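Participant: build me a model from this:
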Amino acid sequence: MGTGSKFWIGNVAGLTFAQIVVSVLLPRGLWLTAVSDSLSVVLLVALLLTFAQNAAPARGRLRAFWVMQAAGWFISLVSQLWWMYYDLVLQKPVPMLFAGDVLVFLPGVLMLAGFLLRPHLQQSDRSARLGMLDFLLLMLWCVYFYVFLVVCWQYVTPNETLYNRNYDRLYMVETLLLVVVLGVLVKQSADAWRRFYALFLGAVLLNYACFTLENRAIELNTYFSGSWYDSPFMASVAFFMVLAMYGRGLRLSHETADGEKDGAWIEGLAIFAVLSLPVIVVTVVVGSTSSLEIMHFRVLTTAVVMFAMAGLVFMKQLLLHKELRRANYVLEECSMNDPLTGIRNRRFFAATIDGDISQAARAHAEGDDRSTRDLIFYLVDLDNFKKVNDMHGHDAGDRVLIEASRRISSAIRNSDVLVRWGGEEFLIVSRYTNRAQAKILADRVVEAVRGKPYMVGSADGLLQTCSIGWAAFPWLEDHVDAMGYEAVLKYADRGLYRAKKAGKDQAIGMTPQGSIESNSDSLQTRLSQQSQHVDMEPAGRL
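Facilitator: All right, here's what the predicted structure looks like:
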């Protein structure tokens, strides 16, 4: 424990001791009231600052937890100042039907909400977005019960007996829920967090016992500010300072990978809260023995809260729908990308090729600009790739594939699509282009692939080349429907076969007038271009 922590704990211990001294030494009167109330205010300010300090360096749900605790102590401070107004300014007892009693109830709601966050776990973004609406539902539910059970006997039909009875019961239920949640957290956590939750559980029970004792004295008119009842209650409040100091060393224990599992029990409780309202309103209408004014007030309150909850549920459904669309988009993108290289795969090609073919056919039919109406298929195959795997291992082969796909992507246009066709083979679908310029792109890809060595672990790097075969759709410009794209792909594959046979590290295009060879400087063998028709012998591929 650091010097600062010892300082704060020493101060609150001194405030508690001072409260005991003044309760014993000072007679009942204005001075005792002023000193006692002032000591309580100083203690609450110290608690508020300490819990707020804990929130500053924290992140995620841990910060939200400390903020909720600090907000609870702020409300308690406001309640104490309101009480002092009656004691010191008005100099009369606080009324039994006191409007400020709600400020005693709300800190427990915030404390409970903070623990429902399970602050020892890392919160996912999805859980933060959806869980916030569930927490708003639960807090609205708690406030609803206070209005439903307490406020009606405070303002609609004032009844001191029913007011006190319902308030005490509701406060007891709130404390019981807090004890149950803390008990569950003690069981689910470990090490420092388990000790923190266990100590907090003890502090809550001690504080409730002191509150019950003091509240009973108020009902019996034996309590006054500065009486001995204040000493144990202040001691129970001061114990929370020890918890705040202990909590400064807490860190998130582990990350949660699944936001749905993490927030399932909170979501279930929120659903129960929503479904409970129709049951409550039916009970009020059918079985209530209260006055007509009380029944009308409770029905109206339930209707308003149901409307507010419906709005929160609607907002949550919108968020869920948005999450579902995002998840479907990510899933679809993953299914259409190659997991190794990150480029498109055959599934993407199958999903988009019909649209590309239709566009090219329409451009030819409508006589569009010749420079942008063709669709060209380039089949790219890395040369001697099996040797890479055999000599350097499959990890090195994967690195070569990734780097080759990156180089090919940098050589083509943004409108073109690069597809991993299978193994070490790639397909380039070049859109909005002209077959007369097709050889330029093919040469650029050949040069990009062999441009510099591939670093796969050897000192000098690995030299890698590729061979390309290409063909354009439509096959016959004046007869668009003469051949489908599948047949054009086969001709592109035939060009690849010829490039391999001619010595590799080159590109050969197939057209109805014959083959078009690359001007690559590394070309070792030339094919005869005397033939004016396409050689229809089996290509040996596809």
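Participant: break down the stretch 351-500 of the chain into its strands, ranges please.
Facilitator: In the stretch 351-500 of the chain, the strands defined using DSSP state E, counting those that start in this stretch lie at 374-382, 417-422, 425-433, 466-473.
Participant: so, low pLDDT: which residues of the stretch 251-400 of the chain?
Facilitator: The stretch 251-400 of the chain contains residues with pLDDT under 70 at 252-266, 287-288, 368.
Participant: if you could redo that for the stretch 51-200 of the chain, that was the one I meant.
Facilitator: For the stretch 51-200 of the chain (pLDDT under 70), the answer is 122-131.
Participant: the strands in it, which residues?
Facilitator: In the stretch 51-200 of the chain, the strands defined using DSSP E, counting those that start in this stretch lie at 121-122.
Participant: related to what we said a few turns ago, for the strands of the stretch 351-500 of the chain, which one ends up most surrounded?
Facilitator: Scoring the strands of the stretch 351-500 of the chain by mean neighbour count under mean count of other C-beta atoms under 10 Å gives strand 466-473 as the most buried, with a mean of 28. (C-beta placed from N, C-alpha, C; glycine too.)
Participant: what angle sits between it and strand 374-382?
Facilitator: Angle, strand 466-473 to strand 374-382, by axes from the mean of the first three to the mean of the last three C-alpha atoms, to 10 degrees: 160 degrees.
Participant: by contact count, what packs against strand 466-473?
Facilitator: strand 374-382, helix 438-450, helix 485-501, strand 507-511 (3 or more C-beta pairs under 8 Å, 6 or more residues apart in numbering; DSSP states H and E).
Participant: from the chain's centroid, how far away is that strand?
Facilitator: Strand 466-473 has its C-alpha centroid displaced from the chain centroid by 45 Å (C-alpha atoms, centre = their mean, to the nearest Å).
Participant: what's the answer for stretch 466-483, then?
Facilitator: Distance, stretch centre to chain centre, for stretch 466-483: 48 Å (C-alpha atoms, centre = their mean).
Participant: so what would you say the end-to-end distance of that stretch is?
Facilitator: One end of stretch 466-483 to the other measures 28 Å (C-alpha to C-alpha, to the nearest Å).
Participant: nearest to Arg169, out of the strands of the stretch 351-500 of the chain?
Facilitator: strand 417-422 (67.8 Å; C-beta to C-beta).
Participant: taking strand 374-382 as reference, get the angle to that closest one.
Facilitator: Inter-element angle recorded for strand 417-422 and strand 374-382: 40 degrees (by the same axes, to 10 degrees).
Participant: isn't Cys466 right next to Asn384, touching?
Facilitator: No. Cys466 is not in contact with Asn384 according to C-beta atoms under 8 Å; the separation is 10.2 Å.
Participant: export the strands of the stretch 351-500 of the chain to JSON lines and tack on distance to Thr161?
Facilitator: Below are the strands of the stretch 351-500 of the chain laid out as JSON lines (distance: least, C-beta to C-beta, whole Å):
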{"stretch": "strand 374-382", "distance to Thr161": "86"}
{"stretch": "strand 417-422", "distance to Thr161": "79"}
{"stretch": "strand 425-433", "distance to Thr161": "82"}
{"stretch": "strand 466-473", "distance to Thr161": "89"}
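Participant: who are the packing partners of the lengthiest helix in the chain?
Facilitator: Using DSSP state H, we find that the single longest helix of the chain is helix 292-335. Applying 3+ C-beta pairs under 8 Å, 6+ apart, we find helix 292-335 packed against helix 125-146, helix 264-287.
Participant: and those as TSV, adding distance to Pro512 and mean neighbour count?
Facilitator: Output for the helices and strands packed on helix 292-335, formatted as TSV (distance: least, C-beta to C-beta, whole Å; neighbours: other C-beta atoms under 10 Å):
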stretch	distance to Pro512	mean neighbour count
helix 125-146	56	19
helix 264-287	64	14
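Participant: this protein - how does it break down into domains?
Facilitator: Listed by automatic domain parsing, the domain ranges of the chain are 3-333, 346-517.
Participant: make TSV from these and add distance to Pro339 to it.
Facilitator: Shown next, in TSV, are those (distance: least, C-beta to C-beta, whole Å):
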stretch	distance to Pro339
domain 3-333	12
domain 346-517	10
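Participant: between those domains, which one is nearest to Leu340?
Facilitator: Nearest of the domains of the chain to Leu340, taken as C-beta to C-beta: domain 346-517 at 6.0 Å.
Participant: so what's Ala58 closest to, chain neighbours aside?
Facilitator: Trp66 (5.7 Å; C-beta to C-beta, 6 or more residues apart in numbering).
Participant: just give me the neighbour total for that neighbour.
Facilitator: Residue crowding around Trp66 was assessed by other C-beta atoms under 10 Å; the count is 25.
Participant: right, and it touches Pro57 too?
Facilitator: No. At 9.6 Å, Trp66 and Pro57 do not qualify as touching, with contact defined as C-beta under 8 Å.
Participant: quick check: Ala308 vs Met139, distance?
Facilitator: Computed with C-beta to C-beta, to the nearest Å, the distance linking Ala308 and Met139 is 11 Å.
Participant: kindly report the same for Phe7.
Facilitator: 34 Å.
Participant: what of Phe51?
Facilitator: In terms of C-beta to C-beta, Phe51 sits 18 Å off from Met139.
Participant: which residues does the nearest residue to Ala499 once chain neighbours are set aside bridge with?
Facilitator: Spatial nearest neighbour of Ala499, chain neighbours left out: Ser467 (4.0 Å); criterion: C-beta to C-beta, 6+ apart. Per DSSP bridges, the residues bridged to Ser467 are Asp381.
Participant: residue contacts, Ser467?
Facilitator: Contacts here follow C-beta atoms under 8 Å, 6 or more residues apart in numbering; on that basis Ser467 touches 380-381, 383, 496, 499-500, 504-507.
Participant: next: Pro119.
Facilitator: Pro119 is in contact with 61-62, 64-66, counting by C-beta under 8 Å, 6+ apart.
Participant: ok, the residue nearest to it when sequence neighbours are not counted - contacts?
Facilitator: Nearest non-adjacent residue to Pro119, counting by C-beta to C-beta, 6+ apart: Phe65, 3.6 Å away. Phe65 is in contact with 58, 114-115, 117, 119, counting by C-beta under 8 Å, 6+ apart.
Participant: let's see that with 6 Å instead.
Facilitator: Phe65 makes contact with 114, 117, 119 under the criterion C-beta atoms under 6 Å, 6 or more residues apart in numbering.
Participant: compute the number of surrounding residues for Leu25.
Facilitator: A count of nearby residues for Leu25, using other C-beta under 10 Å, gives 8.
Participant: what's the distance between Ala148 and Met309?
Facilitator: Let me fix one detail, which is that residue 148 is Phe and not Ala. On the measure of C-beta to C-beta, Phe148 and Met309 end up 14 Å apart.
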